[in-house]
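Trainee: here you go, sequence then predicted model.
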Amino acid sequence: MNLARPYALAAFEYAQEHDQIPAWQAFLESASLIACDPSVHSLLTQPKVTDEMLFTLFQGILTELSDQARSNFLRLLKQYRRFSLLPEIATLFNAYYAALEKISPIRVVTAVPMADHLKEKLSQALSKRLKHSVSMQYEIDPSLIGGAIIYLQDRAIDSSIRGKLNRLLQNMIA
């Protein structure tokens, strides 16, 4: 993420200064999806594919979401051959926006799907505890056996059965 940080910060500061955060967010999310596409991702590592070819590909697909500044951003990525950083740039841009809006992104991983009323209760509890809005993302991982893991900022709260079994095993070994 270190290489992506200056690009994301520059894009975010420009978008904020010009009151274009939603447009830049849509542009970077779309660019990220393109870069993550398996066929495009393989092109990013091909030495025979020139920077100009990649620029033309991204610019062509993103025409509807692009303006002069966003085209210049793509040119900058072309100049330094950084198209592969687009997913990280989009993630960091969204993090800067969330921090500006005082929204904490939270990822909840459970063994089975959560009922909607439990999702709402969890969202309200975390919002109250963090003293600002939260943006919840839910995932299912049956290998947890039961319980959940909650990822917020740089912390993880592991109350899964798998986590508890692992901790028990570590205590028995030690």
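Mentor: Received it, and whenever you're ready, just let me know what you need. Numbering: from 1, shown residues only.
Trainee: neighbours around S143, how many?
Mentor: For S143, the tally of surrounding residues (other CB atoms under 10 Å) stands at 8. In this view, the C-beta of every residue, glycine as well, is placed from N, C-alpha and C.
Trainee: quick check: pLDDT value at it.
Mentor: pLDDT for S143: 93.
Trainee: how much space between the residue lying closest to L65 once chain neighbours are set aside and P113?
Mentor: Spatial nearest neighbour of L65, excluding adjacent residues (CB to CB, 6 or more residues apart in numbering): F27 at 4.5 Å. Distance, F27 to P113, using CB to CB, to the nearest Å: 33 Å.
Trainee: and A35, by the same measure?
Mentor: Between A35 and P113 the computed distance is 30 Å (CB to CB).
Trainee: neighbour count for these two, which is higher?
Mentor: Neighbour totals were compared for A35 and P113, and A35 leads with 22 against 10 (other CB under 10 Å).
Trainee: which residues touch L62?
Mentor: Contact analysis of L62 by CB atoms under 8 Å, 6 or more residues apart in numbering lists 27, 30-31, 34, 70, 74.
Trainee: one step back: helix or strand for the residue nearest to L65, which one?
Mentor: helix 21-36 (DSSP states H and E).
Trainee: how about residues contacting the next helix or strand after that helix?
Mentor: Under the assignment DSSP H and E, the closest C-terminal helix or strand after helix 21-36 is helix 38-44. Applying CB under 8 Å, 6+ apart, the contact partners of helix 38-44 are 34-35, 49, 53-54, 57, 83-84.
Trainee: show me where this protein has its strands.
Mentor: 103-110, 133-140, 148-152, 155-158 (DSSP state E).
Trainee: low pLDDT regions in the chain?
Mentor: 1 (pLDDT under 70).
Trainee: tell me where it has helices.
Mentor: 4-17, 21-36, 38-44, 51-61, 68-79, 86-100, 116-130, 161-173 (DSSP state H).
Trainee: and the fourth one, how far out from the chain middle?
Mentor: Right, the one you point to is helix 51-61. 23 Å (CA atoms, centre = their mean, to the nearest Å).
Trainee: now the angle from it to helix 68-79?
Mentor: 150 degrees (axes from the mean of the first three to the mean of the last three CA atoms, to 10 degrees).
Trainee: which outside residues touch stretch 68-75?
Mentor: Counting by CB under 8 Å, 6+ apart, 7, 11, 14, 18, 20, 23-24, 27, 31, 55, 58-59, 62, 66 sit against stretch 68-75.
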